[in-house]
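K.L.:
Here is a sequence with its predicted model. Questions after.
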Amino acid sequence: MKHIAIGENHLYSKAYAKGSKFVGRYVIVYVLKDYRAKKLQSAHPLGLMVNRIGLTVSKKIGHAVVRNRVKRILREGLRTVEKEFSIKKGYLIVLVARPVCAGAKTQNITSDLQKAFKVLNLTEI
RNA sequence: GAACUAAGUUGGACGGUUGCGCCAUAUGUUGCCGAAAGGUAUUAUGGUGAGGAAAGUCCGUGCUUCACAGGGCAGGAUAACUGAUAACGUCAGCCGAGGGUGACCUUAGGGAAAGUGCAACAGAAAAUUACCGCAUAGCAUAGCUAUGUAAGGAUGAAAACGCGAGGUAAGAGCUCACGAUAUUCUAUGGUAACAUAGAGUAGGUGUAAACCCUAUCCGAAGCAACACCGUAGGAAAGGAUUUUUGUUUGCCCGACAAGUCUUAACUGCGUCCUUUCAGGUGGCACGCAUUUUGCGGAGCUUUACGGUGACGUAAAGCAAAGAUAGAUGACCGUCUUCAAUGACAGAACACGGCUUACAGACUUAGUUUACAA
RNA sequence: GGCCCGUUGGUCAAGCGGCUAAGACGUAGCCCUCUCAAGGCUGAAUCAUGGGUUCGAUUCCCGUACGGGUCA
């Protein structure tokens, strides 16, 4: 499953301001209903609802190599979580990495994300 | 064995499962997004996918746009000599100076006798100087004045070459011997800087990473450059206001008959104000032409030759990162290893250098010293 | 990615190569007062960092670190 990245800065600030939020040990997750989801669905070739994903990895966490690694790990964590549970579509999801992420492992982050999605009621039964 | 010096290499390998970017081929859809230009898709196969510094952005180039008759001023950069190079502030060799017992290392290393400035404090004086001194003469006497002098004292980072003899009223490179320095000429060696020897001359402090002078070089800005396409009037945030629809009583306020109302919050639309933001493609990944293949690119590797060396010439072979919220991941196994989970670290138009960061391992050449033989 | 600028007590900062480095606010101590305030006196600086030039560097030159600005 490919992810569409959030490009616009205002969407991030909207998510921070209005989205529901879960604070984990490694990641902070913001979720907001995507009012453009229908448009994106029609744009999608298979007509699927898609979540838009934003990754925030600030310069505090480390230099470029570390930041890239954190982004990859976050993506990998999302993938594994999506395999295990089917997640509701049509949302903006922003993942903010905390400074602990620099030395984190994939398992830590996946477990964090699982908790987050359960708490935020994004998992479909 | 110990302590070092210089130069260089490497920066894990293989396999499995599961994912990502780009390219090619086949398949597949004429749909969706957008004002338009334009963008985008499924699956399969194959190929390919981050470093020695990709970093800092300190130099030099290509490339692009603007400017440009020619010359000058201003401004900036560089500074022994000879070479290498597309070019350089880089590199090589070599000379001088300094450091180290040594291998070797460091060195912005033109001009202070073109001019200007500065040299705190101390000291008489910081560049045509005289406080104490040392002499001579006069006054007439605990000394003072004038002249000469710069050996000695004292100050300082720095005080007019060192030392001995002659010389003198006292002294002084004033003269001489020996020595040091600067500079000119000659000879020898070297392409040259320069070195060595001889002869002459000089004693005019330091500072040019102070202004400056001399010689040489430099038009300016940068891929967010620039070229082409498109030209709607957009997007977001905050505030105000009007009207209206719906949702929720979890929190807050009020009312009562206690589950309803009012209010509030959230949300959508319209209008006004303020602020912020601004489209796409190429450039851009080896290129061009093409049937093979050829040509081009300061491209890479190996070999041969030339050169002390930087490097050059020739031949053969190899060529494929090219993203744009930004691809190389994750999880395992085996092997080498003290250790690889664990060094520094992520291409963004490209190249040549410099600088800085760097775990561990390895190679080559060499020095000093101790012990043993 | 490119191009620029800065760094001086806790904060804002001045500083013509010659220091014991101005000043303001704050702060610590002391004095004054019955007490507080105001006032007075005193203290606290690796001049970001490593080299170089110079007799001497906060100042001049080079490198590094950190911070900031800017581009369409």
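P.N.:
Here it is on my side, so go on. Quick caveat: nothing in here was measured; it's all calculated off a predicted structure.
K.L.:
Looking at residue A:86 now. What's its pLDDT?
P.N.:
On pLDDT, residue A:86 comes in at 64.
K.L.:
And the helices in chain A?
P.N.:
A:9-18, A:37-43, A:64-84, A:106-119 (DSSP state H).
K.L.:
If you average pLDDT over each of those, which is lowest?
P.N.:
When the helices of chain A are ranked by mean pLDDT, helix A:37-43 comes last with a mean of 52.
K.L.:
so residue A:22 touches residue A:119, yeah?
P.N.:
Yes. Counting by Cβ atoms under 8 Å, residue A:22 touches residue A:119, with 5.2 Å between them. C-betas here are computed from N, CA, C, even on glycine.
K.L.:
Ignoring the adjacent residues along the chain, who's closest to residue A:21?
P.N.:
residue A:30 (5.3 Å; Cβ to Cβ, 6 or more residues apart in numbering).
K.L.:
what's around the one you found, how many residues?
P.N.:
As a burial measure, residue A:30 scores 24 neighbours (other Cβ atoms under 10 Å).
K.L.:
One more: residue A:69?
P.N.:
17.
K.L.:
residues contacting it?
P.N.:
By Cβ atoms under 8 Å, 6 or more residues apart in numbering, no residues touch residue A:69.
K.L.:
what's the spacing between residue A:31 and residue A:69?
P.N.:
Note on residue A:31: its distance to residue A:69, by Cβ to Cβ, to the nearest Å, is 24 Å.
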